[in-house]
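Engineer: Kindly return the folded structure for what I paste below:
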Amino acid sequence: MINTITLNPSLDYIVKVDSFKVDALNRSLEEQVYAGGKGINVSIVLKNLGVENTALGYIAGFTGEEISRQVKEHGVNCDFIKLKNGLSRINVKLKSDGETEINGSGPVITETDLQNLYEKLNSLTKGDYLILSGSIPNSVPDDIYENIMKSLLDKGIEFVVDATKDLLLKVLKYKPFLIKPNHHELAEMFNIELKSDEDIITYGKKLQEMGAKNVLISMAGDGAILLPENGEPIKREVPKGVLKNSVGAGDSMVAGFLCGYLKNKNIDEAFKMGIATGSASAFSEELATKEQVEELLLQMK
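Structural biologist: From the prediction side, this is the model:
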């Protein structure tokens with residue numbers, strides 16, 4: 001079974017305004033409300049591709065109930081922990097002449113809430129996959145991902161980690177099956193400027209030396225580079241299409257990679273599937289569907 005964790009999910013309120021004006025009344029042209037969070041995005045795309053999985057994490061208040069309702073509506077199994085106080089955050093994305101985002105902070109997660117999560121995770125068994133992705137709320141320890149992986153080390157679980165800087169660097173010693181930084185995040189981790197594919201490969205290999213098995217580095221329109229556990233680095237271009245929405249494209253790439261890998265354990269096929277799925281989300285207003293991914297896979301062949 002595949003499990004995702006979203007520690008600080010959100011309702012993403014996307015509102016479009018014609019020529020937004022400060023200190024004035026603005027009327028929206030279009031509004032959308034989506035359940036958000038990197039782990040939730042992975043769960044939804046996996047389900048769209050026909051892969052059963054369970055979404056874990058925390059929800060609170062009426063906004064949390066709506067997050068859970070929307071995720072279930074996509075057919076994803078939900079096992080969220082309901083917090084007694086607070087509200088799951090609302091992230092506002094204002095689209096006008098430019099794009100402005102205001103992200104909420106989310107509810108407080110107590111030590112008891114953390115123990116409840118560890119108890120749920122303790123039921124995972126050998127061969128399960130656990131996907132840890134996204135930022136963490138201020139109320140949890142900054143080594144939460146590290147502690148989760150450490151607590152499950154003897155269970156034979158495969159970890160997938162899509163996080164930034166220290167959140168990612170701290171877990172490499174536990175040998176995650178897959179990590180997926182983008183090229184900007186890779187540069188930030190080592191405080192350097194990446195000027196070529198060779199630079200990206202060099203620093204990607206450093207992450208492998210620190211413990212990661214497979215390193216998938218996304219580069220937006222410039223494609224992606226995979227450093228497999230066994231084998232030479234592979235670069236692939238993205239298929240042709242019009243960028244409509246970059247939100248969730250990286251999460252979709254993770255979902256596609258894992259879906260492709262589980263079919264026959266072929267790492268190159270998994271890579272193709274990851275690129276096609278990430279691109280399908282980028283070329284759509286919503287997250288990738290199976291039909292969109294299959295169409296792009298034909299184009300890539």
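
Engineer: Do a quick rundown of the helices in this protein.
Structural biologist: Taking DSSP state H to define them, one finds helices in the chain at 38-48, 61-73, 111-121, 144-151, 165-169, 183-190, 197-209, 249-264, 267-282, 290-300.

Engineer: Reformat those into JSON lines and put distance to S135, mean pLDDT and mean neighbour count next to each item.
Structural biologist: The way it works is simple: take the backbone N, C-alpha and C, and place the C-beta from them, glycine included. Below are the helices of the chain laid out as JSON lines (distance: least, CB to CB, whole Å; pLDDT from 0 to 100; neighbours: other CB atoms under 10 Å):
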{"stretch": "helix 38-48", "distance to S135": "8", "mean pLDDT": "97", "mean neighbour count": "28"}
{"stretch": "helix 61-73", "distance to S135": "16", "mean pLDDT": "97", "mean neighbour count": "18"}
{"stretch": "helix 111-121", "distance to S135": "16", "mean pLDDT": "96", "mean neighbour count": "14"}
{"stretch": "helix 144-151", "distance to S135": "11", "mean pLDDT": "95", "mean neighbour count": "18"}
{"stretch": "helix 165-169", "distance to S135": "8", "mean pLDDT": "90", "mean neighbour count": "17"}
{"stretch": "helix 183-190", "distance to S135": "12", "mean pLDDT": "92", "mean neighbour count": "17"}
{"stretch": "helix 197-209", "distance to S135": "19", "mean pLDDT": "94", "mean neighbour count": "17"}
{"stretch": "helix 249-264", "distance to S135": "13", "mean pLDDT": "95", "mean neighbour count": "24"}
{"stretch": "helix 267-282", "distance to S135": "19", "mean pLDDT": "95", "mean neighbour count": "25"}
{"stretch": "helix 290-300", "distance to S135": "27", "mean pLDDT": "91", "mean neighbour count": "16"}
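
Engineer: Out of those helices, which is closest to E31?
Structural biologist: With respect to E31, and counting by CB to CB, the nearest of those is helix 61-73 at 14.4 Å.

Engineer: Show me what the closest one is in contact with.
Structural biologist: Applying CB atoms under 8 Å, 6 or more residues apart in numbering, the set of residues contacting helix 61-73 from outside is 9-11, 33-35, 37, 40, 43-44, 55, 58-59, 78, 80, 82-83, 86-90, 107.

Engineer: Quick one: the helices of the chain as CSV, columns for distance to V17 too.
Structural biologist: Compiled in CSV, the helices of the chain are given as follows (distance: least, CB to CB, whole Å):
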stretch, distance to V17
helix 38-48, 25
helix 61-73, 22
helix 111-121, 37
helix 144-151, 37
helix 165-169, 33
helix 183-190, 28
helix 197-209, 38
helix 249-264, 24
helix 267-282, 24
helix 290-300, 29
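
Engineer: Tell me which of the ones you listed approaches S218 most closely.
Structural biologist: S218 sits nearest to helix 249-264 of all the helices of the chain, at 5.7 Å, using CB to CB.

Engineer: quick one: that closest one to helix 267-282, angle?
Structural biologist: Interaxial angle of helix 249-264 relative to helix 267-282 (axes from the mean of the first three to the mean of the last three CA atoms, to 10 degrees): 140 degrees.
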